[in-house]
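1. Got a predicted model here, sequence first, then my questions.
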Amino acid sequence: QVQLVESGGGLVQAGGSLRLSCAASGRTLRTYAMGWFRQAPGKEREFVATIDWTGISTYSADSVKERFTISRDNAKNTVYLQMNNLNAEDTAVYYCAADPATPTLVGGRSQYWGQGTQVTVSS
C-alpha cells in the first residue's frame, strides 16, 4: 500500500508564501512522476504541477507557472510545492499525486492520491 501524506498548508495573507510537502510511504516512488492538484470550493479539481522521476523535467499550469515551483527529494521520497505571491484564487485543497507516467498526471489522473491539505489565502 502506498500512502501520500501532504503537509504545510494553512492560512496566509495575499502576497505571502507557503511550502507544501508530500511524503510517500509504503514503497519507493523513485521512478514515479509526482504532481500537485488543487480543488477550490464549488470547482473541479485542477492540475497544478508535475515533476518527472529524475527531478529534471517539470511542467506547471499557466496560472501558477511564474509563482509555484515543484521539486522532489528521492532520498526522502518527498515532493514539494513552493508557492509564492499567493492570491485569493489559490485558496483550495491541495492534493499530492503519484503515477508512473507524467502525461497521466497532466491529464488529471493518477494511480495514487493523498488526502489533501487546505490552503487559504486571505485578501
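-> Ah, there it is.

2. From what I see, residue 40 and residue 116 are in contact.
-> No - Residue 40 lies out of contact with residue 116 (CB atoms under 8 Å); the separation is 12.0 Å. To be clear about C-beta, it is placed using only N, CA and C from the backbone, and glycine gets the same treatment.

3. out of these two, which sits in the busier spot?
-> Using other CB atoms under 10 Å as the criterion, residue 40 and residue 116 rank with residue 116 on top: 18 against 15.

4. wait, the more buried one sits on residue 93?
-> Yes - in this structure, residue 116 is within contact of residue 93 by CB under 8 Å, at 4.2 Å.

5. Buried residues, the worst-scoring helix or strand of the chain on mean pLDDT. List them.
-> Taking mean pLDDT, DSSP states H and E as the measure, the helix or strand of the chain with the lowest value is helix 102-106, at a mean of 92. Using 16 or more other CB atoms under 10 Å as the test for burial, helix 102-106 gives 102, 104-106.

6. neighbouring contacts of that helix?
-> By CB atoms under 8 Å, 6 or more residues apart in numbering, the surrounding residues in contact with helix 102-106 are 33-35, 47, 50, 52, 57, 59, 97, 99, 110-111.

7. buried subset of those?
-> The neighbour-count test (16+ other CB under 10 Å) marks 33-35, 47, 50, 52, 59, 97, 99, 110 as buried among those.

8. would you turn these into a markdown table with secondary structure?
-> A markdown table is the format used below for the buried ones among the contacts of helix 102-106 (DSSP: H, G, I helix; E, B strand; the rest coil):
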| residue | secondary structure |
| --- | --- |
| 33 | strand |
| 34 | strand |
| 35 | strand |
| 47 | strand |
| 50 | strand |
| 52 | coil |
| 59 | strand |
| 97 | strand |
| 99 | strand |
| 110 | coil |
